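# Sharing a model that was predicted from the sequence below.
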Amino acid sequence: MTSCVTSQREPKTHQGTTENIQSVFTGRCWDYDVTKYNNILPRVDAGCNELWDKFFDAFSFSSPCDVQKANYDSFYALADQNLPEDKVMFWSGVYTLSHRFAEAGHNYVTLEDTIIGYLVNSLVWCGQLTKPGVNYTACPEWSDCPLEASESFWAGASATFAKQAKGKVTLMVDGSNPDKPAYRRSSFFGKHELPSMSDAVNEVHVLVTHTLDKPKIEFCGSGSLVDLEEDVTKRGFSYECEDDPVAVMHLLCANEPSSRECLMAL
Ligand code: APR
């Protein structure tokens, strides 16, 4: 599952704003309903240029390290979508696997399937005080400053997404990473999503996945998953946890049929 820990969201080292970002953003926007999400998520009333203007206003002509989450509020409001009950999926450390499993909203809806996440997923952006208001040469890393333009965006987008979740929500985590516990209170899930869920949520269903052919480090009921159960139940939600669900194993084994776990299952 090595391929499952990378994220499209990761900004490249000090890369500047994505070239032609406005065209990429509006092109994705025009395509959004037509291609993938028709019948899965509601259309937003706002036009694509209007969405771009709100997004652009949030960070342009500002220092890249001085963008509050609230700067994006009018963009989030304009792009608001009702999320289907029991279908929301959160993830930590398993970008690729969680999105393969979610199947672009057919099984689950992730933040990156909503129009808010979809329009800018994998893009880099930051502002500058002088014209053209956007820095195409270099943007800071998330860790370089606390109010970095895209980190603030994703923090606010995560909270907005979690606020909209209803019913049973699903969280996929990685039980095989020696460097990162499956659940961290400092992760986006721990910091912005779990605390933002409303009482429209009744259950958090955790899927703990393990990389094929690698040591399995954490399981339901062990390590950081004990903290997760505590944090979830403290918020009044039911907690359910599953290690290596069969449907996830099928997906992994389709890619790597000769791994130890897949041969054992035959
Ligand atoms: N610097 C750079 N990139 C970061 C940083 C950081 N400090 N923190 C997070 N990221 C980016 C990385 O690209 C990383 O792969 O966010 C990605 C997700 O981080 P994870 O540790 O995998 O998980 P988590 O922090 O919980 O974020 C994922 O947040 O946006 C939501 O709905 C989404 O549930 C999901 C969760």
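That came in fine, so what should we check first?
# can you list the residues of this structure near the ligand?
Proximity of the chain to the ligand, by C-beta under 6 Å from any ligand atom, involves residues 7, 9-10, 90-93, 95, 110-111, 142-143, 154, 158, 161, 187-189, 193. Placement of C-beta: from N, CA and C, glycine included.
# So which of the residues you listed sit within strands?
Among these, the residues falling in strands (DSSP state E) are 90-92.
# now these in a markdown table, with distance to R43, neighbour count and pLDDT?
Output for those, formatted as a markdown table (distance: C-beta to C-beta, whole Å; neighbours: other C-beta atoms under 10 Å; pLDDT from 0 to 100):
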| residue | distance to R43 | neighbour count | pLDDT |
| --- | --- | --- | --- |
| F90 | 24 | 25 | 98 |
| W91 | 25 | 29 | 98 |
| S92 | 30 | 23 | 98 |
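# For the helix or strand where V204 lies, list every residue counted as buried.
Taking DSSP states H and E as the definition, V204 sits inside strand 201-209. Within strand 201-209, the residues that qualify as buried are 201, 204-209, counting by 16 or more other C-beta atoms under 10 Å.
# Each with direction, which strands does that strand pair with?
If you go by DSSP bridges, strand 201-209 pairs up with strand 167-174 (parallel), strand 238-243 (parallel).
# Now tabulate the ones you listed in JSON lines and tack on distance to S62, mean pLDDT and mean neighbour count.
Below are those laid out as JSON lines (distance: least, C-beta to C-beta, whole Å; pLDDT from 0 to 100; neighbours: other C-beta atoms under 10 Å):
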{"stretch": "strand 167-174", "distance to S62": "33", "mean pLDDT": "98", "mean neighbour count": "24"}
{"stretch": "strand 238-243", "distance to S62": "41", "mean pLDDT": "98", "mean neighbour count": "16"}
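# okay, those strands in CSV with distance to H99 next?
Compiled in CSV, the strands paired with strand 201-209 are given as follows (distance: least, C-beta to C-beta, whole Å):
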stretch, distance to H99
strand 167-174, 10
strand 238-243, 19
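# do you know which of those strands lies nearest N38?
Closest approach to N38 among those (C-beta to C-beta): strand 167-174, 22.5 Å.
# and the next helix or strand after that closest one, what's its mean pLDDT?
Counting by DSSP H and E, the element after strand 167-174 in chain order, helix or strand, is helix 188. Helix 188 carries an average pLDDT of 97.
# Tell me the helices and strands packed up against helix 188.
Applying 3 or more C-beta pairs under 8 Å, 6 or more residues apart in numbering; DSSP states H and E, one finds that helix 188 contacts helix 149-164.
# List the buried residues for the helix it packs on?
For helix 149-164, a neighbour-count test (16+ other C-beta under 10 Å) marks 149-162, 164 as buried.
# Kindly format the C-alpha coordinates of it as PDB.
Provided in PDB are the C-alpha atoms of helix 149-164 (Å, rounded to 0.1, in the frame of the first residue of the first chain):
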ATOM      1  CA  ALA A 149      -2.800  30.300   1.900                       C
ATOM      2  CA  SER A 150      -3.500  26.700   0.800                       C
ATOM      3  CA  GLU A 151      -3.300  25.100   4.300                       C
ATOM      4  CA  SER A 152      -5.900  27.600   5.500                       C
ATOM      5  CA  PHE A 153      -8.000  26.700   2.500                       C
ATOM      6  CA  TRP A 154      -7.900  22.900   3.300                       C
ATOM      7  CA  ALA A 155      -8.400  23.500   7.000                       C
ATOM      8  CA  GLY A 156     -11.500  25.500   6.300                       C
ATOM      9  CA  ALA A 157     -12.700  23.100   3.600                       C
ATOM     10  CA  SER A 158     -12.300  20.100   5.900                       C
ATOM     11  CA  ALA A 159     -14.300  21.800   8.700                       C
ATOM     12  CA  THR A 160     -17.000  22.800   6.200                       C
ATOM     13  CA  PHE A 161     -17.200  19.300   4.800                       C
ATOM     14  CA  ALA A 162     -17.400  17.700   8.200                       C
ATOM     15  CA  LYS A 163     -20.200  20.100   9.300                       C
ATOM     16  CA  GLN A 164     -22.300  18.900   6.400                       C
END
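# Tell me what angle that helix forms with strand 201-209.
For helix 149-164 against strand 201-209, the angle by axes from the mean of the first three to the mean of the last three C-alpha atoms, to 10 degrees is 120 degrees.
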